[in-house]
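1. With the input below, show me the fold.
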Amino acid sequence: MSIGLGLDTGGTNTDAVILEMETGRVLAKAKSPTTHGDLSIGIRGALQGIGREALSEVSLVSLSSTLATNSVVEGRGCRVALVCIGKDYGGTVPVDRKVVVDGGHNGHGAEESSLDTDSVEVFLRSVVDEVDAVAVNGLFAIRNPDHERTVKAMAREILGIPAVCGHELSASLGFNERVSTCIMNARLMPVMEELIRSVRGVLSEFGLDIPIHIVRGNGSLMSEDMAREKPVETVLSGPSASLIGAMTMTGRRDAVVLDMGGTTTDIGVIRDGRPRLSSEGMTIGGRRTHIVAARISTSGIGGDSRILVNGPDIVLDPSRVVPMCVASSRWSGIREHLESVASTATPLRRPSRDISCVILDNELFTPVRAPMERDKLNQTDSRFMELIAERPMTITQAAVAMGVYPSSISATWLEGR
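-> Residues are numbered from 1 along each chain as shown. Below you'll find the predicted structure:
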């Protein structure tokens, strides 16, 4: 009898299930809070809940996760440099550095213009230690990818960091959509690498050296090597797994499935025993891509959603916050601290529609993880990180302690990192 281990690392909890593959019978299950500072802690907690004896007979692992989806919705990920060949990018997915160089092909795959490798080299050397991945996109590269491949090889040689080409992710026409897909993929590479490394490390602690299969956004499976190269294909992995799970548990072949997690709420449709797919490419956060996945409507609202009172408006923000019950169990004196904050907070005098510009005195900040190694923090932000590591503080409290203005603390930038 084949025994499988199902793992789901979500924005709030990490779940583990032992399944008898032939019968579908659940043999054991466990849940542990997802620990974003170190994913292995949450994964280890879930597996410890299962127990070593039950895990000893496992022969394969199926991994689903909402981390990629959440990263896209929240605008998180690594720093990306974009190289466009023969045409500028007209989309809205942000990048940290960009260059447009001569080159590209026509619709028949013939070279339209020679690749300007000198400009490519100058640009790549200018972004050393400033980016973590490179996205490469050439005009009609789906007809002839030679220029993209050349730039990718140069990026790996000069920078020694991951690089991905647009033609590797999509064979469809539509330059801007292909570039958007490529940028998202580049941003997600470190997210997926950390997840796979964490799972593999914890499995080895339990003496398991077995294959890991990752659920794709269309409900099928991919290898861990493929997931490292194409993490964007795991966007909507968790919701797609929920569709399959709902169908399996209920026996329904036609259904509308709503899945509310800690970070997002996802709604999908099952027709004739299969998830309905967005064959033309799904839209994520209002941006069109070439990713074929289950046709799911995703909203940035869940159990840990940030709620802002902005003048007369109550606004839901896709950023995650720590629930008060969790905060009070994690830090001593948190209730008294919050009561003190509430008694001294200054109400907003003028409502602002731009939520990103609102600094609220009733929000406490604490570090979830350290910024990436290549990030250069100024003295104020470094001191701010040190202060809130000791205990949660508001922006104003930290500013007073440091003798600076609250606006000099880069809270929004730090949240993004």
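2. Would you mind listing where this structure has pLDDT under the threshold?
-> Residue ranges of the chain with pLDDT under 70: 69-70, 72-76, 279-290, 318, 341, 344-362, 370-375.
3. Residue 387 is in contact with residue 402, correct?
-> Yes. Between residue 402 and residue 387 there is a contact at 7.2 Å, judged by CB atoms under 8 Å. Glycine gets a C-beta too; all of them are placed from N, C-alpha and C.
4. So which bits of stretch 325-335 are buried?
-> 327, 334 (16 or more other CB atoms under 10 Å).
5. for stretch 309-326, that is, sorry about that
-> 310, 317, 318, 319, 320, 322.
6. wait, what's in contact with the last one?
-> Going by CB atoms under 8 Å, 6 or more residues apart in numbering, residue 322 touches 304, 330, 366.
7. was I right about the last one contacting residue 389?
-> Yes. Contact criterion CB under 8 Å: residue 366 and residue 389 qualify, at 7.5 Å.
8. Got phi/psi on residue 224?
-> phi -70, psi -30 (degrees, to the nearest 10).
9. what number of residues lie near it?
-> For residue 224, the neighbour count with other CB atoms under 10 Å is 19.
10. As JSON lines, the buried residues of stretch 309-326 with distance to residue 186 would be great.
-> Below are the buried residues of stretch 309-326 laid out as JSON lines (distance: CB to CB, whole Å):
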{"residue": "310", "distance to residue 186": "33"}
{"residue": "317", "distance to residue 186": "25"}
{"residue": "318", "distance to residue 186": "21"}
{"residue": "319", "distance to residue 186": "22"}
{"residue": "320", "distance to residue 186": "23"}
{"residue": "322", "distance to residue 186": "29"}
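11. Those residues in strands, which ones?
-> 310, 317, 318, 319, 320 (DSSP state E).
12. what comes up buried for stretch 77-93?
-> So stretch 77-93, judged by 16+ other CB under 10 Å, has buried residues 77-87, 89, 91, 93.
13. ditto for stretch 217-233
-> Buried, per 16+ other CB under 10 Å, within stretch 217-233: 217, 218, 219, 222, 224, 227, 228, 229, 230, 231, 232, 233.
14. The second one and residue 304, how far apart?
-> Per CB to CB, to the nearest Å, residue 218 is found 27 Å from residue 304.
15. related to what we said a few turns ago, export the buried residues of stretch 217-233 to TSV and tack on secondary structure and distance to residue 413?
-> Converted to TSV, the buried residues of stretch 217-233 look like this (DSSP: H, G, I helix; E, B strand; the rest coil; distance: CB to CB, whole Å):
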residue	secondary structure	distance to residue 413
217	coil	29
218	coil	35
219	coil	36
222	strand	33
224	helix	32
227	helix	29
228	helix	28
229	helix	29
230	coil	29
231	helix	24
232	helix	24
233	helix	29
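16. Run through the bridge partners of the closest residue to residue 275 other than its chain neighbours.
-> Spatially, and ignoring its direct neighbours in sequence, residue 275 is nearest to residue 294 (4.1 Å; CB to CB, 6 or more residues apart in numbering). Legend: beta-bridge partners of residue 294 under DSSP bridges are residue 277.
17. returning to what we had before: sitting in strands, which of the buried residues of stretch 77-93 do you find?
-> Using DSSP E, 80, 81, 82, 83, 84, 85 are the members of the buried residues of stretch 77-93 that sit in strands.
18. pretty sure the fourth one contacts residue 119?
-> No. Taking contacts as CB under 8 Å, residue 83 lies outside contact range of residue 119: 9.5 Å.
19. quick one on the thing from earlier: which one of the contacts of residue 322 is nearest to residue 247?
-> Of all these, residue 247 sits closest to residue 304, with 27.1 Å by CB to CB.
20. Please list all residues in contact with the closest one.
-> The contact partners of residue 304, taken as CB under 8 Å, 6+ apart, are 11, 12, 262, 263, 320, 321, 322, 323.
21. So the closest residue to residue 144 other than its chain neighbours versus residue 173, what's the distance?
-> Nearest residue to residue 144, sequence neighbours excluded (CB to CB, 6+ apart): residue 109, at 3.9 Å. Distance check for residue 109 against residue 173: by CB to CB, it reads 13 Å.
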